[in-house]
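**Q** A structural model of the following input is requested.
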Amino acid sequence: MPETSDGDRRGVVTMGSLVFSVTTAALMVVMFKGGLALLGEDTLRGRRTPWAAVGLTGLVVAGLVTQFCWSGAMDAFDSDPSKSGWWRVVTSVFMQNGGLFGDAWNLATIAVVAALTEWFWGAPLMLGLFVAGILLPTYIDMLFGETAHSTDPRNFAGSSGATYFLAATLAAPLLLRALRAGRGGVNAKEALLALAVPVSGLVMWFAQSNGHGLVAVYGCLLGALACLLPRPTALRPTPLGREAAQPPSTP
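**A** Numbers count the residues shown, from 1 in each chain. Next up, the predicted model:
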């Protein structure tokens, strides 16, 4: 068997990283399309400003500014298990370590995902689901004694884990709505779009140990449970762009 040169090894690592990034981005695209299908793309312009999503995105921006202005921010706030500090599991979400492109991707995705989920679930539940996306991977790791590799995709810092979790919560109501399509039929397109989230997530986890896939599965499951909760009167956009109270459209 011929020896592998350092250059060849670097090429293999680079290709693996590229595939990892492509599949991770593709999963987000699927979840984004599912969110648009659930809400109705033509209704977005008339919806109210998602202030909770704006605030959440602002926290990520504040974290980036803090990192830019203070070289010790990552050491103080990341979730490195070798460091003490109860706050790290939360503050590490608002620290980013993906480089320029990764940081931009995390900022853009949390802004879009938080808005979509706030419009569907409402601000309090959206924020609650986001917090669950922060805490659940850590506690599930502890429950199963996972030490080989964490189900948390943050690698000690980053908002992507909680964002993918939050985006995946929309897959469950989309699937339920697809299965309850009118006249006893099934909306196959929406059903396949919803099912693609947990299926792709599991494939990514087992094939790549990609934690983004597994937290998406967690998000789908919690989204299904959230569908059982009573929801307040929903606001539906009117043709004039104002919002009128309407009964909630159950998924």
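
**Q** Residues contacting the helix or strand that Leu174 is a member of, please?
**A** For Leu174, the host element (DSSP states H and E) is helix 171-179. Helix 171-179 has contacts (C-beta atoms under 8 Å, 6 or more residues apart in numbering) with 31, 34, 37-38, 120, 186-191, 193-195, 197-198, 219-221, 223-224, 226-227, 250-251. Every C-beta, even on glycine, is put in place using the N, C-alpha and C of the backbone.

**Q** what about the stretch 101-250 of the chain, any weak spots by pLDDT?
**A** 141-155, 181-184, 231-250 (pLDDT under 70).

**Q** So which residues of this structure form helices?
**A** 6-39, 51-69, 73-77, 88-91, 99-121, 123-144, 160-168, 171-179, 188-208, 211-226 (DSSP state H).

**Q** Contacts only, for the spatially most central residue of the chain.
**A** For the chain, the residue nearest the mean C-alpha position is Tyr164 (1.7 Å; C-alpha atoms, centre = their mean). Neighbouring residues of Tyr164 by C-beta under 8 Å, 6+ apart: 27-28, 31, 133, 153, 212, 215-216, 219.

**Q** between those, which is closest to Ala73?
**A** Checking the contacts of Tyr164 against Ala73 with C-beta to C-beta, the nearest one is Pro153 at 20.5 Å.

**Q** Surely Ala53 and Gly122 touch.
**A** No. Ala53 is beyond contact range of Gly122, at 11.4 Å (criterion: C-beta atoms under 8 Å).

**Q** Show me which of these two is the more surrounded one.
**A** Taking other C-beta atoms under 10 Å, Ala53 and Gly122 do not tie; Ala53 has more neighbours (23 against 17).

**Q** Kindly state the pLDDT recorded for that one?
**A** Ala53 is assigned 98 on the pLDDT scale.

**Q** Identify the spatial nearest neighbour of it, chain neighbours not counted.
**A** Ala114 (3.4 Å; C-beta to C-beta, 6 or more residues apart in numbering).

**Q** Could you measure from the closest residue in space to Ser160 that isn't next to it in sequence over to Val113?
**A** With C-beta to C-beta, 6+ apart as the criterion, Ser160 has its nearest non-adjacent residue at 5.4 Å, and that residue is Asn106. For Asn106, the distance to Val113 equals 10 Å [C-beta to C-beta, to the nearest Å].

**Q** who has more neighbours, those two?
**A** Neighbour totals were compared for Asn106 and Val113, and Val113 leads with 29 against 24 (other C-beta under 10 Å).

**Q** ok, that one - contacts?
**A** By C-beta under 8 Å, 6+ apart, the residues touching Val113 are 31-32, 35, 163, 166-167.

**Q** Which positions in stretch 173-191 come out as buried?
**A** Across stretch 173-191, burial judged by 16 or more other C-beta atoms under 10 Å covers 173-178, 187, 190-191.

**Q** So what touches stretch 205-220?
**A** 19-20, 23-24, 27, 31, 129, 133, 136-137, 140, 149-154, 160-162, 164-169, 171-172, 197-198, 200-204.

**Q** gap between it and the chain center?
**A** 11 Å (C-alpha atoms, centre = their mean, to the nearest Å).

**Q** Please apply the same query to stretch 17-29.
**A** 13 Å.

**Q** buried sites along it?
**A** Buried, per 16+ other C-beta under 10 Å, within stretch 17-29: 23-24, 27-28.

**Q** Could you tell me the average pLDDT over it, please?
**A** So the average pLDDT for stretch 17-29 ends up being 94.

**Q** do the same with stretch 69-84
**A** On average, stretch 69-84 scores 89.

**Q** quick one: contacts of it?
**A** 63, 66-67, 87-89, 91-92, 94-95, 97, 152, 154, 156-157.
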